[in-house]
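Undergrad: what shape does this take:
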Amino acid sequence: MRPNLKRRHARRRWRMSALAARPVAGLLSICLAVMAISPDIASALNPTSTGSAGLTVVDAQNDAQSPSSAGITTSEAQGLDVLLTVLPLRYANADPTHDLASAAVTRVLAQGVQRQVLASAALLRARNPTRTARAIQALDRLTAELQATTTRFQPWPLTLEVSAWSARTRAELDAMLHPPRPPAQPYRAIATALDQVASAAAAGRSQEASFDALRAFALYAAGPGERVELQDPPLDAKVTGRLLLGSASHPALVELLADGAPVTTVRRASSAAGSDMSLVAESLAEVKISHTTIVVDAAIIVFREGLEAVLILAAITASFVGAKRHLRRPVLLGALAGLGATALTWVIAQMILHLLSNGGLELQAVTGLIAIAVLLLVTNWFFHRVYWSQWISRFNRRRKALERWDRLGFISGQTLGFVLLGLSSVYREGLETVLFLQALQTSAGTSTTLLGAGIGLGGTLIVGGATFKLQRKLPFKRMLIITGVLIALVLAVMVGTTVHNLQGIGWVANTPTSFRVPLSWNIWLGVYATWEGIAAQVGALVFVIGSYFAAREIQVKRPRRRSRGAIVPAPGALRPSRQFPG
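TA: Numbers count the residues shown, from 1 in each chain. Next up is the predicted model:
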């Protein structure tokens, strides 16, 4: 009989687990349906389109290997064209104030173009010797004119002169090379150029690696750099210092290549430059966490908080049966009022964020920190052990006290108390949800966040309807565990994104890794190539797992061991010890 009883209990546990997984599985199914129609997925399926973040999906590495008409690769031809376009623009910003740092940037660009043209002179002469000679002559004149910018208090060449020599060189080279136009959103092309820097340096091709670094900067400066230079000058200076002009303690990528730095150092600097490009894209609202990730995260957190609210309401109304059944109505009315108060809090939070809309990365970082605090509270298993044992018992004590209230005037004081009880139980969870959703809203916009919140709210209403209307007893404990695991993953993504934003504004150190992280990891998982970000994500997951085992140890295993130790057999029940001979 005992094996049959064990099998019966095992089948019951299996049915309870399956029942617990149904609402979560339904929620995930809806999220997967959203992913199926997400622009991120649509762009990935269409190789000629651009992704939702504005990145071209065409692999720029194929272009890098295709030769142009003069035997120079298409990427090299494009790089020369973009460099000669950016150079006079940067000089125009340096000339009015004789800014030595900006002037040094133009000299580095001009010298880089000159070295590349001289290295390819044989190929160019084979195509058109006359145009090649004119291009080299114009470059010599350009670099000679820019030498005067090494000293502030002396005449500098006019901006028109620098523009004229740059345009002449560009016209001669374009007539021979026919370079393609740079992409409107060049982040993938920049990432490819930075990858080629490391590979060329590993192969000992220092000139090629240096030009790839210059090409990455030119693609940045000709595209997003124009806006970053005006909107966020410190970030533009950071990118320039990372690629072209560094310091004695932090040399730039081009300087490392010129000094023959080890390949590991070059890879680390290239990875740091790629991380800076992610910051640039985020500051311009061009590359963010995937909208599908935002929808899923919002749905999970709203469903989880709603699940907790439903569980509290179920605990409060569990004894309202028979003659007390009418007391359920004020509690549920209070719950609806809690939803209304939550919506009002959302509106107020949006008004505050609108007033701070120019905060940029600082605003995203602050809202991200608030969201992380909320998630750490939600995923703290030890807190929830205390929460469910003390917080719900507090609600039950208030319920019992309210049941003894008499009527006060034209409105029942008991009814009013139960309304407030339902309101407070729902609004507490709603406030946590609103605080978390602000971080998602600043990253992906209101419509995407509300879509995920709507999905999570729909799942909550289904669970609430099954609990209160259909009188179904659901396995809330298993559902909380399942959603807790999902929220731990949401926490890891939020931590990685927030640390990345904090690094962008200089609040957290930035130590690049020696390996590159794919762009898809940035968009979907919030993983960036910095040790601080990776360590923070691992630490968050360790905190969640550690709090779970700490809660089990303190709340379950330790009392169990104490209870076993307290049971001491009677003296007469002790068996005599076996005597061994000798």
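Undergrad: surely residue 255 is within a helix?
TA: Yes: Residue 255 sits within a helix when classified using DSSP: H, G, I helix; E, B strand; the rest coil.
Undergrad: which residues does it contact?
TA: 245-246 (CB atoms under 8 Å, 6 or more residues apart in numbering). C-beta here means a position set from N, CA and C on the backbone, and glycine is covered the same way.
Undergrad: how much space between it and residue 249?
TA: Distance, residue 255 to residue 249, using CB to CB, to the nearest Å: 12 Å.
Undergrad: swap in residue 506?
TA: Separation of residue 506 from residue 249 (CB to CB) stands at 16 Å.
Undergrad: same check on residue 495?
TA: From residue 495 to residue 249 the distance is 29 Å (CB to CB).
Undergrad: same check, this time on residue 349
TA: Residue 349 sits 42 Å away from residue 249, going by CB to CB.
Undergrad: higher neighbour count, these two?
TA: residue 349 (17 against 5; other CB atoms under 10 Å).
Undergrad: what strand or helix carries that one?
TA: helix 328-355 (DSSP states H and E).
Undergrad: mean confidence for that helix?
TA: Helix 328-355 shows a mean pLDDT of 85.
Undergrad: who are the packing partners of it?
TA: Applying 3 or more CB pairs under 8 Å, 6 or more residues apart in numbering; DSSP states H and E, one finds that helix 328-355 contacts helix 291-317, helix 413-444.
Undergrad: taking helix 328-355 as reference, get the angle to the last one.
TA: Relative orientation of helix 413-444 and helix 328-355, computed by axes from the mean of the first three to the mean of the last three CA atoms, to 10 degrees: 30 degrees.
Undergrad: which element follows helix 413-444 toward the C-terminus?
TA: Using DSSP H and E, the helix or strand that follows helix 413-444 in sequence is helix 446-464.
Undergrad: please identify the buried residues of that following helix?
TA: Buried residues in helix 446-464, counted by 16 or more other CB atoms under 10 Å: 448-453, 455-460, 462-464.
Undergrad: by contact count, what packs against the helix or strand just after that helix?
TA: With elements assigned by DSSP H and E, the helix or strand that comes after helix 446-464 is helix 476-504. Judged by 3+ CB pairs under 8 Å, 6+ apart, the packing partners of helix 476-504 are helix 2-36, helix 263-283, helix 291-317, helix 361-378, helix 413-444, helix 519-525, helix 531-552.
Undergrad: now helix 476-504: how far from the chain's centre is it?
TA: 11 Å (CA atoms, centre = their mean, to the nearest Å).
Undergrad: repeat for stretch 426-446
TA: Averaging C-alpha positions (CA atoms, centre = their mean) puts stretch 426-446 16 Å from its chain's average.
Undergrad: okay, buried residues for the helix holding residue 349 please.
TA: Neighbour counts over helix 328-355 (16+ other CB under 10 Å) mark 328, 330-332, 334-335, 337-339, 341-342, 345-346, 349, 353 as buried.
Undergrad: just give me the closest of the residues you listed to residue 370.
TA: Nearest to residue 370 among these is residue 349, at 10.1 Å by CB to CB.
Undergrad: got the contact list for the closest one?
TA: 434-435, 438.
Undergrad: how close does it sit to residue 238?
TA: When residue 349 is compared with residue 238 (using CB to CB), they lie 31 Å apart.
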